[in-house]
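Chemist: sequence below, structure please.
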Amino acid sequence: MMLVFHNKEPKWNETVQAYVLNFNGRVDQASVKNFQLIMSDENYIFMQFGKVGKNDFNMDVQWPLSIYQAFAISLSSIDKKFG
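Modeler: Okay, here's the model as predicted:
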């Protein structure tokens, strides 16, 4: 069985004039590295990763992802962007 996850699409916030995700208080700094993973047919968050300090991040994960898988996904998010 293969599970497919997608980044949750942020919603436009008129107050801050930016796209935002609701991390329910777990993330407090804007960053292009912030993300939430969902399955395509639902809005349930299986993993979220976000910035909480200059060099600090929070990662929340639950089944069916393991801590190891979530950590690997998180590392790929904070890797330096080439372009």
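
Chemist: tell me the average confidence for the strand ranked longest in the chain?
Modeler: Determined from DSSP state E, the single longest strand within the chain is strand 45-51. Computed over strand 45-51, the mean pLDDT rounds to 95.

Chemist: same thing with stretch 10-26?
Modeler: On average, stretch 10-26 scores 91.

Chemist: what sits up against it?
Modeler: Residues outside stretch 10-26 that contact it (Cβ atoms under 8 Å, 6 or more residues apart in numbering): 8, 27, 30, 34-36, 48, 50, 52, 58, 60. All C-beta atoms are positioned from the backbone trio N, CA, C, and that covers glycine.

Chemist: could you redo the last one with a cut-off of 6 Å?
Modeler: 36, 50, 58 (Cβ atoms under 6 Å, 6 or more residues apart in numbering).

Chemist: how about CSV for the residues you listed, with neighbour count and distance to L75 added?
Modeler: Below are the contacts of stretch 10-26 laid out as CSV (neighbours: other Cβ atoms under 10 Å; distance: Cβ to Cβ, whole Å):
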residue, neighbour count, distance to L75
Q36, 22, 17
G50, 21, 15
N58, 16, 14
